[in-house]
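Student: Dropping the sequence and predicted coords here.
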Amino acid sequence: MKKLVLTISTAFFLLVGFSNAAFAAENTYQVKKGDTLWSISKKKYVSVEKIKSWNNLKSDSIKLNQVLKISPPTQAAKPAAPAVKAAGYKEITVKATAYTASCKSCSGITYTGINLKKNPNAKVISVDPSVIPLGSKVFVPGYGEAIAADKGSSVKGNKIDVFIPNQKQAILWGNKTVKIKVYH
């Protein structure tokens, strides 16, 4: 009888121990080479601002092998489904223009560290962070789902600039008034 109780107790402690380790693994992320807060937020369906808040980060700088919390400390990790589809949103009417990373004075690196020249298919918009927080997922009619990952000196108030890799297509985008959805 003692052996049976000991075996059941051991199995129980192993099960609880492994489930807690799995729980911890789902709630953290170890930074890999090439990661940015934006790329991690996209993989884990959480905003850059939340990752910064949960990890007490003052800037967008992260280090290789750094372990980041990717969900609130008191909450279980969400299932791997896009937060955009499950979360609420607010609608904002904005003036939308387009930009490219191919001008002479353009570095091609967004404010949050995305290299647009190396990632020409990235769906990125430039925003006024006081209106749309950096890291927010945004749906722009005619453009699709994007991440607010850049800011510019001419992007103030209810204005956005959508990244389009081809200069001709950026010019064709023109200047539009659209109602966007900002997910939170």
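Tutor: Looks like it came in fine. Numbering: from 1, shown residues only.
Student: ranges for the strands of this protein?
Tutor: Shown for the chain, the strands assigned by DSSP state E span residues 28-30, 67-69, 89-99, 124-126, 137-140, 144-150, 159-163, 176-183.
Student: okay, the residue most central in space within the chain: pLDDT?
Tutor: The residue lying closest to the centre of the chain (C-alpha atoms, centre = their mean) is S41, at 3.2 Å. We have a pLDDT of 80 for S41.
Student: likewise the one 5 residues further on?
Tutor: Note for V46: predicted pLDDT of 76.
Student: go on, A101?
Tutor: Per-residue pLDDT puts A101 at 87.
Student: same thing with G17?
Tutor: Predicted confidence (pLDDT) for G17: 44.
Student: looking at the sheet around the residue lying closest to K42 once chain neighbours are set aside, what are its partners?
Tutor: Leaving aside its chain neighbours, K42 sits nearest to I147 (6.5 Å; criterion: C-beta to C-beta, 6 or more residues apart in numbering). C-betas here are computed from N, CA, C, even on glycine. Per DSSP bridges, the residues bridged to I147 are V124, K137.
Student: Enumerate every residue touching I147.
Tutor: I147 makes contact with 38, 41-42, 122-125, 135-138, according to C-beta atoms under 8 Å, 6 or more residues apart in numbering.
Student: which residues touch stretch 123-134?
Tutor: The contact list for stretch 123-134, computed with C-beta under 8 Å, 6+ apart, reads 47-49, 92, 99, 110-112, 114, 116, 136, 138, 140, 143-152, 155-163, 182.
Student: Dump the C-alpha coordinates for it into CSV.
Tutor: Provided in CSV are the C-alpha atoms of stretch 123-134 (Å, rounded to 0.1, in the frame of the first residue of the first chain):
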residue,chain,number,x,y,z
LYS,A,123,2.4,45.5,-43.8
VAL,A,124,3.6,48.5,-41.8
ILE,A,125,2.0,51.9,-41.2
SER,A,126,3.5,55.1,-39.8
VAL,A,127,1.3,56.7,-37.1
ASP,A,128,1.1,59.5,-34.5
PRO,A,129,1.7,57.4,-31.3
SER,A,130,-0.5,59.8,-29.3
VAL,A,131,-3.4,58.7,-31.5
ILE,A,132,-2.4,55.1,-32.4
PRO,A,133,0.1,53.4,-30.0
LEU,A,134,3.1,51.8,-31.7
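Student: tell me which residues in that stretch are buried?
Tutor: Neighbour counts over stretch 123-134 (16 or more other C-beta atoms under 10 Å) mark 123-128, 131-132, 134 as buried.
Student: repeat for stretch 50-69
Tutor: For stretch 50-69, the neighbour count (16+ other C-beta under 10 Å) marks 50-52, 54, 57, 60, 62, 68-69 as buried.
Student: And the residues you listed, which is closest to G88?
Tutor: Among the buried residues of stretch 50-69, K50 lies closest to G88 (C-beta to C-beta), at 14.4 Å.
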